[in-house]
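> Sequence first, then the predicted structure, then my questions.
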Amino acid sequence: MFLEEFPECGKRLGWIEVVCGSMFSGKTEELIRRMRRAQFANQRLIIFKPKIDDRYAEEEVVSHKGERIPAAVVSSSAEILERVTNERVVGVDEAQFFDMELLDVCNTLAAKGIRVICAGLDMDYKGKPFGPIPHLLAAAEYVTKVHAICVSCGNLAQFSHRKTMDENQVYLGATKEYEPLCRSCFNKTKTQH
Ligand SMILES: Nc1ncnc2c1ncn2[C@@H]1O[C@H](COP(=O)(O)OP(=O)(O)O)[C@@H](O)[C@H]1O
Ligand SMILES: Cc1cn([C@H]2C[C@H](O)[C@@H](COP(=O)(O)O)O2)c(=O)[nH]c1=O
Ligand SMILES: [Zn+2]
């Protein structure tokens, strides 16, 4: 389990953490867990989510199991910079939906001494890198890859298989539209088409 370190070196250090994985792997739960621990430490914090993600609630980040935490809705990564004032911890959920400037925004926040935690899909439904996440993975001090359980065989899953015919990269959904699969079961779906 990821444990925070708070190095004492005279000045406040910032850094970037990324929590990535497939759908249903527990990214949002882990983001909420880390933010709640920051709350226990009386650290000022704010969580952002992209406007596009309107699945469960408008001003909240909500996990598939129903855990929730208040969030600010923004239309672009630049808006994140505008909205951060004196927070010590900044969370970003569904980071794959943000523009590529998210990397610069996170680096800027970290340089200001802020702990930045981004959660998002590392791969889209085709198994291809998704949005700014691969760039964030390269820049982050701490990377956590979480896994769902493959609904087909019970192994660890890192792919999000789309069950519908839609071919847009962005296509919101949950269990009706997607299922987590391991590499072997994901590859079998490709040979079936
Ligand atoms: N196949 C699965 N493997 C693991 N968890 C699953 C699965 N299907 C549903 N879940 C639920 O999803 C929860 C994780 O939800 P969440 O944190 O919102 O995931 P993510 O943000 O990665 O999509 C788990 O605690 C579990 O209740
Ligand atoms: C794989 C994949 C997913 N999406 C969408 C589907 C959901 O609305 C979110 C992911 O949410 P989660 O918290 O990780 O479960 O992303 C998409 O638009 N395109 C894809 O390829
Ligand atoms: Zn499998």
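Looks like it arrived, so ask away. Ligands and ions are numbered 1, 2, ... in the order given.

> Ignoring the adjacent residues along the chain, who's closest to residue 161?
Of all residues not flanking residue 161 in the chain, residue 181 sits nearest, at 4.7 Å (CB to CB, 6 or more residues apart in numbering). Every residue, glycine included, has its C-beta placed from N, CA and C.

> What is the neighbour count of the one you found?
25 (other CB atoms under 10 Å).

> so what's it up against?
Residues counted as contacts of residue 181 (CB atoms under 8 Å, 6 or more residues apart in numbering) are 22, 150, 151, 152, 157, 159, 160, 161, 189.

> Wait, a strand at the third one?
Spelled out, it's residue 151. No: using DSSP: H, G, I helix; E, B strand; the rest coil, the assignment for residue 151 is coil, not a strand.

> Can you report how many residues lie near the closest residue to it other than its chain neighbours?
Excluding the flanking residues, the one nearest residue 151 by CB to CB, 6+ apart is residue 179, at 4.7 Å. Neighbourhood size, residue 179 [other CB under 10 Å]: 22.

> Repeat that for the one 3 residues further on.
Residue 182 has 22 neighbours, counted by other CB under 10 Å.

> Would you state the strands of this protein in chain order?
15-21, 45-50, 60-62, 68-70, 72-74, 89-92, 115-121, 142-146, 148-149, 156-157, 159-162, 178-181 (DSSP state E).

> Ligand 1 contacts on the protein?
Contact residues, the chain versus ligand 1 (CB under 6 Å from any ligand atom): 21, 23-29, 63-65, 148-149, 151, 180.

> Of the residues you listed, which are in range of ligand 2?
Answer for the residues of the chain next to ligand 1 near ligand 2 (CB under 6 Å from any ligand atom): 23, 24, 27, 28.

> Quick check: chain neighbours aside, which residue is closest to the second one?
When you say that, I think you mean residue 24. Per CB to CB, 6+ apart, closest to residue 24 is residue 148, 4.1 Å.

> now the third one
In this structure, residue 27 finds its nearest non-sequential neighbour in residue 119, 4.2 Å apart by CB to CB, 6+ apart.

> Let me know the distance separating that neighbour from residue 41.
Using CB to CB, to the nearest Å, residue 119 is found at 19 Å from residue 41.

> If you count surrounding residues, which of these two has more?
A direct count of neighbours by other CB under 10 Å for residue 119 and residue 41 places residue 119 higher, at 30 against 12.
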